[in-house]
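A.B. asks: Sequence and computational prediction follow.
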Amino acid sequence: MSVLQPYEGGTDGSVYLAADRKSTCWGLLPNAASRPVLTVAPGTALCLDTVSHEGILPDQGADPAAFFAAAGIPAGRVLRDAAELAATARPFDPARRGPHVVTGPVAVAGARPGDVLEVEVLRLRRRTAYGVISNRHGRGALPGEYPAPPPGHPDGAPVPTVSLVAHVDDDGLGRLPVGDGRAVRFPLAPFLGIMGVAAATERPVHSVPPGPHGGNLDIRLLTEGARLFLPVQVPDALFYAGDPHFSQGDGEVALTAFEAPLRATVRLVLHSDPATRRLAARLAGPYAETAGHHLVTGLDTDLDEAVRKATRAALGYLAERCALPAPVALAYLSAAVDVRISQVVDDVKGVHICLPKADLAPLLTGPSGPGAGTIPA
């Protein structure tokens with residue numbers, strides 16, 4: 001496939017935003033004091049480039065041309081915006097800022113706190129045919145076990161990052177070399193790990209933990225056609241996106257999944273009706289919709305508490321949209337609904353509950369009327 005360099009390869013939507021130094025944030029997410037790089041009207045289809053942090057971080061040499069050359073990728077297939085950002089790399093302090101690059105923020109004119117910003121994912125195009133899966137000491141589902149220290153490694157010294165370059169074959173499958181001539185091949189499902197709005201604070205917002213603002217949700221179901229609903233925290237919402245993935249397994253146990261750059265087209269729709277504001281206030285966090293399910297989220301540093309929060313959110317959703325009493329809703333969740341782990345590696349763990357549309361359609365109430373086929377957003 002051809003490389004989608006900035007301003008090349010065609011764009012969708014009515015507005016295009018490149019991922020250059022002026023339109024990105026690295027390590028910190030937008031907050032209430034951030035200035036937008038662009039202002040759009042509600043309903044705008046926005047095309048934006050995203051850059052993966054993998055391959056440009058200081059612990060990988062801050063030189064993507066050299067990093068990817070070691071995996072046999074020629075310099076001409078390295079993204080110019082990735083190289084430009086890498087040139088600005090500084091020592092990475094995980095306690096102060098995260099690794100992620102996000103594009104934005106984009107102001108949505110007229111958005112008010114308490115409204116809901118709907119992000120409809122219209123199209124996701126791979127910008128390269130390669131990406132990176134990394135495991136860093138002290139992070140992931142097995143901290144202290146992986147990556148394993150090399151022979152003779154000093155006790156207590158940081159273990160070097162293990163970064164594996166994965167590829168996309170001509171048939172559209174991912175390929176991860178084993179190192180002995182074999183490869184593991186797997187299907188792709190691109191999505192943006194980070195979509196969010198500015199948090200209602202002027203303090204720095206670390207890019208790793210997700211929250212009521214959205215951010216690093218890492219929900220792999222947010223592929224093309226999905227809709228994410230973000231409770232607006234500050235005037236004009238200040239939307240941003242990043243952490244692009246070609247694929248991810250639930251849990252993201254190594255620390256990162258198949259991290260690789262995407263050109264994303266999203267439609268930004270603003271909802272300010274009383275029913276939506278009431279639902280958002282009750283859920284107190286992001287929710288989403290796919291072709292077959294409605295998703296609610298639970299976020300907490302403790303995975304058990306994240307499950308409890310997601311379950312309470314599901315009860316609230318079923319009460320607001322289906323008028324189900326809590327005992328009946330809880331029984332239904334236990335009998336028929338999946339609780340899934342989004343990720344366990346981002347300090348704040350993520351859980352999402354998948355509510356089947358087919359089950360709920362006959363029960364719906366609200367602006368679309370009883371029996372509507374889609375839960376009103």
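C.D. replies: Sure thing, it's come through.

A.B. asks: ranges for the helices of the stretch 201-350 of the chain?
C.D. replies: Listed in chain order, the helices of the stretch 201-350 of the chain (DSSP state H, counting those that start in this stretch) span 274-283, 303-322, 326-336.

A.B. asks: I meant the stretch 1-150 of the chain, not that one.
C.D. replies: Counting by DSSP H, counting those that start in this stretch, the stretch 1-150 of the chain has helices at residues 64-69, 80-86.

A.B. asks: Remind me what the longest one packs against, helices and strands.
C.D. replies: Right, helix 80-86. The contact analysis (3 or more Cβ pairs under 8 Å, 6 or more residues apart in numbering; DSSP states H and E) places helix 80-86 against helix 64-69. All C-beta spots, glycine's among them, are computed from the backbone N, C-alpha and C.

A.B. asks: hmm, back to that, could you dump the helices of the stretch 201-350 of the chain to CSV with mean neighbour count?
C.D. replies: Output for these, formatted as CSV (neighbours: other Cβ atoms under 10 Å):
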stretch, mean neighbour count
helix 274-283, 17
helix 303-322, 20
helix 326-336, 13
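
A.B. asks: Out of these, the one nearest Ala148 is which?
C.D. replies: Taking Cβ to Cβ, helix 303-322 is the member of the helices of the stretch 201-350 of the chain nearest to Ala148, at 24.4 Å.

A.B. asks: So for Arg112, which of the helices of the stretch 1-150 of the chain sits nearest?
C.D. replies: helix 80-86 (32.8 Å).

A.B. asks: sorry, back to before: how about TSV for the helices of the stretch 201-350 of the chain, with mean pLDDT and distance to Thr44 added?
C.D. replies: Output for the helices of the stretch 201-350 of the chain, formatted as TSV (pLDDT from 0 to 100; distance: least, Cβ to Cβ, whole Å):
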stretch	mean pLDDT	distance to Thr44
helix 274-283	96	19
helix 303-322	98	27
helix 326-336	98	36
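
A.B. asks: Please identify which of the helices of the stretch 1-150 of the chain is closest to Leu176.
C.D. replies: When these are compared by Cβ to Cβ, helix 64-69 sits nearest Leu176, at 15.4 Å.

A.B. asks: what's near enough to touch the spatially most central residue of the chain?
C.D. replies: Nearest to the mean C-alpha position of the chain, by Cα atoms, centre = their mean, lies Gly193 at 1.7 Å. Shown in contact with Gly193 (Cβ atoms under 8 Å, 6 or more residues apart in numbering): 100, 216-218, 242-245, 248.

A.B. asks: And for Gln248?
C.D. replies: 189, 191, 193, 218, 220, 257-258.

A.B. asks: my guess is Asp169 meets Arg185, correct?
C.D. replies: Yes - the criterion here is Cβ atoms under 8 Å, and Asp169 meets it with Arg185 at 7.1 Å.

A.B. asks: Output the helices of the stretch 1-150 of the chain as a markdown table; include the columns mean neighbour count and distance to Gly316.
C.D. replies: As requested, the helices of the stretch 1-150 of the chain are arranged in a markdown table below (neighbours: other Cβ atoms under 10 Å; distance: least, Cβ to Cβ, whole Å):
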| stretch | mean neighbour count | distance to Gly316 |
| --- | --- | --- |
| helix 64-69 | 19 | 44 |
| helix 80-86 | 20 | 40 |
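
A.B. asks: so which of those helices gets nearest Val40?
C.D. replies: That would be, of the helices of the stretch 1-150 of the chain and by Cβ to Cβ, helix 80-86, which comes in at 20.9 Å.

A.B. asks: residues making contact with that closest one?
C.D. replies: Residues outside helix 80-86 that contact it (Cβ under 8 Å, 6+ apart): 5-6, 18-21, 24, 26, 49, 51-52, 55-56, 62-65, 101, 261.

A.B. asks: What's the PyMOL line that selects buried ones from those residues?
C.D. replies: Here is the PyMOL command that selects the buried residues among the contacts of helix 80-86 (16 or more other Cβ atoms under 10 Å):
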select buried, resi 5+6+18+19+20+24+26+49+51+52+55+56+62+63+64+65+101+261
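
A.B. asks: So which of the contacts of helix 80-86 belong to strands?
C.D. replies: Using DSSP state E, the members of the contacts of helix 80-86 that fall in strands are 24, 26, 49, 101.

A.B. asks: Now do the contacts for the third one.
C.D. replies: Listed by Cβ under 8 Å, 6+ apart, the contact partners of Asp49 are 4, 6, 17-19, 81, 103, 127, 261, 263-264.

A.B. asks: same thing but at 10 Å, please
C.D. replies: Contact analysis of Asp49 by Cβ atoms under 10 Å, 6 or more residues apart in numbering lists 4-7, 9, 11, 16-20, 23-24, 79, 81, 103, 125, 127, 241-242, 244, 261-264.
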